[in-house]
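> Please find the sequence and the predicted model below.
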Amino acid sequence: TSRFNPEAWVRIGEYHFDENELTAAITAYRKVIDLGPKGNAYYDEALYKLAWTYYRADKFPEAIKNFDELVLFADRELERTGKAGSEMRPEAIQYLGISFAEEDWNGDQQADAENGLQRIDGVYRGREAQKHVYEVYRRLAEIYFDTTKYEDAIKVYKVLLERWPNQADNPEVQERTITALERLRQFDQAIREREEFTRLFGKGSEWEKINRNNPEALKRAREYDEQALIFAAVSHHKEGQRLRNLGIASKDVETLRKAGEEYAVAAAAYAKYLDRFPHSKNSYEVRFSYASCLFYAQRFPEAAVQYAEVRDSNLDDRYQEDAAFSVTKAWEQQVQALADKKELSEPALPTAQTVEFKATPLPEAFQRWQAALDAYVTLLPKSPKAPRLAYKAAEIAYRFGQFPDARKRFGLLYGHYCGDAMALNAGHAV
């Protein structure tokens, strides 16, 4: 056989293809392939052009078979020689995806009963270990996504995550799933998928262990994980705010209860974020939001701890005053909550008519409330709120009969804020 035979048959095939004589082109390209790959520099080109001709003839099963064979040949050559087996491999992957995405295989101008996912499964089920199979499924998903067939794209993305759970670029697949859901305006489901992100690809996940030697994949996963966590937290936070405002306006207890649940879910997401990304540039603002959600979820001691972190932070001071005041409100609410449950009682204020009053230790909640009030006044002595909060801290001591401490506190208040109405009250108390 002449060494020129392969090239000659390729040129003959090209001539027939250009003349739209597709059957003759197929025959010519098959002559090249029948010569086998050994010493045949045109083998991969003939495979590609044969597949492309079948595609042009709307013979999709045959096109798929030959595009697939080209990819397999290219991968075998790469493994054998260490060099790219065919420059046409990427295009073959692309047209495999396009062929499976084609809705009308029988030419009746109607979408067939069998869809792309069913067809690709029919060809590749059981061949998942072959390198290119994942690529073809991914290509099909992206074609659906790019042509706005988002429901179909999501189904294929789910298959990718289920059958190849440790693939390096799966975080991107999950992100594409979320984007597709958002474009379908299925926002609740998108939020749930974001909440899944950390479990699938976050710290300690099986995916992270498998990909521990792939720094680029870990970096991308971390970025997606950060976005997913913060988006989920903010979404639940906003829903909590919406329900709370609605519940207050309508005086509906059930709506307020649901608001509390949303705040609790948001708080959990913010907590995960801070655990996963403690040194993020957003950590200061996130912690303030976390504290706010804990507060409105009525987890007052936890809220106070987080507000205090913000108050005392060296990262920023944007929320310093709000956080300092919120620590006092958190402990005030905790005192009220304990009183409502009959777990704590607040003594009445002593008066001139009080015959006997015995000093008693401050319960822990009152101690923490008083400490928060003191911290605010120390940190922000010129704040308009400072005199009132200083007075409240002194009043706590006064209520529990701790008169030396109360007298000292009222005296300091009178001296520091003599121009304020609270100073007059402090003078009377002394």
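Arrived safely.

> Could you pull up the residues touching residue 75?
85, 89, 130-132 (CB atoms under 8 Å, 6 or more residues apart in numbering). All C-beta spots, glycine's among them, are computed from the backbone N, C-alpha and C.

> next one: residue 379
311, 320, 324.

> Which member of the contacts of residue 75 is positioned nearest residue 21?
Distance to residue 21, by CB to CB, is smallest for residue 89 among the contacts of residue 75, at 27.5 Å.

> Tell me how many other residues crowd that closest one.
23 (other CB atoms under 10 Å).

> ok, now how distant is the closest residue to it other than its chain neighbours from residue 155?
Excluding the flanking residues, the one nearest residue 89 by CB to CB, 6 or more residues apart in numbering is residue 74, at 4.2 Å. For residue 74, the distance to residue 155 (CB to CB, to the nearest Å) stands at 28 Å.

> higher neighbour count, these two?
Using other CB under 10 Å as the criterion, residue 74 and residue 155 rank with residue 74 on top: 23 against 17.

> Flag every buried residue along the helix or strand containing that one.
Secondary structure from DSSP states H and E places residue 74 in helix 60-81. Neighbour counts over helix 60-81 (16 or more other CB atoms under 10 Å) mark 60, 62-64, 66-75, 77 as buried.

> rewinding a little: doesn't residue 93 make contact with the residue nearest to residue 89?
No - contact between residue 74 and residue 93 fails when scored by CB atoms under 8 Å: they sit 9.8 Å apart.

> can you tell me which residues contact residue 392?
Counted by CB under 8 Å, 6+ apart, residue 392 has contacts 328, 373.

> mind listing the helices for the stretch 201-350 of the chain?
Remark: helices assigned in the stretch 201-350 of the chain by DSSP state H, counting those that start in this stretch are 206-210, 215-250, 253-276, 283-296, 300-311, 320-340.

> In a markdown table: these, plus mean neighbour count, distance to residue 199 and mean pLDDT.
As requested, the helices of the stretch 201-350 of the chain are arranged in a markdown table below (neighbours: other CB atoms under 10 Å; distance: least, CB to CB, whole Å; pLDDT from 0 to 100):
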| stretch | mean neighbour count | distance to residue 199 | mean pLDDT |
| --- | --- | --- | --- |
| helix 206-210 | 15 | 10 | 95 |
| helix 215-250 | 18 | 10 | 92 |
| helix 253-276 | 19 | 10 | 94 |
| helix 283-296 | 23 | 20 | 97 |
| helix 300-311 | 22 | 23 | 98 |
| helix 320-340 | 19 | 31 | 97 |
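
> Quick one, which of those gets closest to residue 13.
helix 215-250 (41.4 Å).

> what's the spacing between that closest one and its chain's center?
7 Å (CA atoms, centre = their mean, to the nearest Å).

> so where is the stretch 51-200 of the chain shaky, pLDDT-wise?
Along the stretch 51-200 of the chain, segments meeting pLDDT under 70 are nowhere present.

> got the contact list for the closest residue to residue 254 other than its chain neighbours?
In space, and not counting its chain neighbours, residue 254 is closest to residue 247: 7.9 Å by CB to CB, 6+ apart. Applying CB under 8 Å, 6+ apart to residue 247 gives the contacts 253-256, 258-259.

> what about residue 247, distance to residue 277?
Between residue 247 and residue 277 the computed distance is 32 Å (CB to CB).

> returning to that earlier point: which one (most neighbours) among the contacts of residue 75?
residue 89 (23 neighbours).

> check contacts around the residue nearest to residue 89.
44, 84-86, 88-89, 92 are the contacts of residue 74 under CB under 8 Å, 6+ apart.

> By neighbours, which of those residues wins?
residue 92 (26 neighbours).

> if I look at residue 202, how far off is residue 228?
With CB to CB as the criterion, residue 202 and residue 228 are 9 Å apart.

> all strands of the stretch 101-250 of the chain, in order?
Counting by DSSP state E, counting those that start in this stretch, one finds no strands in the stretch 101-250 of the chain.

> Any chance of CSV for the contacts of residue 74, columns distance to residue 125 and secondary structure?
Below are the contacts of residue 74 laid out as CSV (distance: CB to CB, whole Å; DSSP: H, G, I helix; E, B strand; the rest coil):
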residue, distance to residue 125, secondary structure
44, 26, helix
84, 28, coil
85, 25, coil
86, 25, coil
88, 26, coil
89, 22, helix
92, 20, helix
